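Chemist: pasting the sequence and the predicted model now:
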Amino acid sequence: MSKESEICETCCSMAGEIGFVIRKGDEVSSITISNGTYENMRNRLQEYISIAQNINNNVILEEIFDEKNNKINARIYFEVSAEKIIFELKTRHLNF
């Protein structure tokens, strides 16, 4: 086995175990929060925003309240893909 094949095999299995692949142009994290009052959903969204701003204070938030379905759809724009991955790892506990 060549050195190049060994590296690929090791890296590929690591990426699969971690569950993330860094792709250029993948800097947007989408979040949907539903159920409860608008105030409660907004407070929950604030938890995500705080974590995002701890990663990069220059994140951009796009938030849309869907009154018909009583949910908030939000997108957080990061400067680089790695920041998005860090954010998603840090917010896994909020998804329950």
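Modeler: Perfect, I can see it now.

Chemist: alpha carbons only: can I get the helix or strand hosting Phe87 in CSV?
Modeler: Phe87 is part of helix 81-90, with elements assigned from DSSP states H and E. Extracted in CSV, the C-alpha atoms of helix 81-90 (Å, rounded to 0.1, in the frame of the first residue of the first chain):
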residue,chain,number,x,y,z
SER,A,81,-16.9,26.2,6.8
ALA,A,82,-14.9,25.1,9.8
GLU,A,83,-16.7,27.6,12.0
LYS,A,84,-20.0,26.1,11.0
ILE,A,85,-18.8,22.6,11.9
ILE,A,86,-17.6,23.9,15.3
PHE,A,87,-21.0,25.5,15.8
GLU,A,88,-22.9,22.3,15.0
LEU,A,89,-20.7,20.3,17.3
LYS,A,90,-21.2,22.7,20.2
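
Chemist: so which residues make contact with it?
Modeler: Here helix 81-90 makes contact (C-beta atoms under 8 Å, 6 or more residues apart in numbering) with 20, 22-29, 51-52, 55-56, 59, 76, 78. Backbone N, C-alpha and C define where each C-beta goes, glycine included.

Chemist: contacts for the helix or strand hosting Leu61?
Modeler: Assessed by DSSP H and E, Leu61 sits inside strand 60-66. Residues from elsewhere that reach strand 60-66, judged by C-beta under 8 Å, 6+ apart: Tyr38, Leu45, Ile49, Ala52, Lys71, Ile72, Asn73, Ala74, Arg75, Ile76, Tyr77.

Chemist: nearest spatial neighbour of the first one, chain-adjacent residues omitted?
Modeler: Going back to what we said before, that points to Tyr38. Among residues not flanking Tyr38 along the chain, Phe65 sits closest, at 6.5 Å (C-beta to C-beta, 6 or more residues apart in numbering).
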